[in-house]
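Participant: A structural model of the following input is requested.
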Amino acid sequence: MKVKEINELETKDLNEKLEQAEAQLRQMKLNHQISPLEDSSKLKAMRRDIARMKTVLRQRELNK
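Facilitator: Down below sits the predicted model:
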């Protein structure tokens with residue numbers, strides 16, 4: 001996800017997306033340990049998306 005897309009989401013929706021992304025990352029890591037993923041760069045991309053979401057949430061929290 002791009003930062004612009006993340007900023008357009010409401011806080012409630014962003015929290016839900018974050019939870020889903022974290023669960024998906026855990027599942028991808030587990031699958032990667034069992035049998036390597038074809039494209040392991042997806043793990044890196046997922047971690048960065050999660051970091052972007054957390055950054056936007058923190059910015060919103062500080063701006064209140």
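
Participant: contacting residues for Asp49?
Facilitator: By Cβ atoms under 8 Å, 6 or more residues apart in numbering, the contact set of Asp49 is 1, 21. C-beta here means a position set from N, CA and C on the backbone, and glycine is covered the same way.

Participant: apply 10 Å and report the result again.
Facilitator: Taking Cβ atoms under 10 Å, 6 or more residues apart in numbering as the criterion, Asp49 is in contact with 1-2, 6, 17-18, 21, 24-25.

Participant: check His32 too.
Facilitator: His32 touches 40, 42-43, counting by Cβ under 10 Å, 6+ apart.

Participant: I'd like to know which of those residues are buried.
Facilitator: Among these, not one is classed as buried by 16 or more other Cβ atoms under 10 Å.

Participant: okay, which residue is most central for the protein?
Facilitator: Centroid-nearest residue in the chain: Ile50, 2.5 Å away (criterion: Cα atoms, centre = their mean).

Participant: name the element the closest residue to that one other than its chain neighbours belongs to?
Facilitator: Leaving aside its chain neighbours, Ile50 sits nearest to Ala21 (5.2 Å; criterion: Cβ to Cβ, 6 or more residues apart in numbering). Using DSSP states H and E, Ala21 sits in helix 11-34.

Participant: identify each buried residue in that helix, please.
Facilitator: 14, 17-18, 21, 25, 28.

Participant: stretch 51-64 too?
Facilitator: Within stretch 51-64, the residues that count as buried by 16+ other Cβ under 10 Å are 52-53, 56.

Participant: what would those residues look like in a markdown table with pLDDT, secondary structure and distance to Glu10?
Facilitator: A markdown table is the format used below for these (pLDDT from 0 to 100; DSSP: H, G, I helix; E, B strand; the rest coil; distance: Cβ to Cβ, whole Å):
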| residue | pLDDT | secondary structure | distance to Glu10 |
| --- | --- | --- | --- |
| Arg52 | 97 | helix | 16 |
| Met53 | 97 | helix | 13 |
| Val56 | 96 | helix | 11 |
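
Participant: which of the residues you listed lies closest to Ile34?
Facilitator: Checking the buried residues of stretch 51-64 against Ile34 with Cβ to Cβ, the nearest one is Met53 at 26.7 Å.

Participant: check whether that closest one really touches Lys2, as I assumed.
Facilitator: No: with contact defined as Cβ atoms under 10 Å, Met53 does not reach Lys2; the gap is 11.4 Å.
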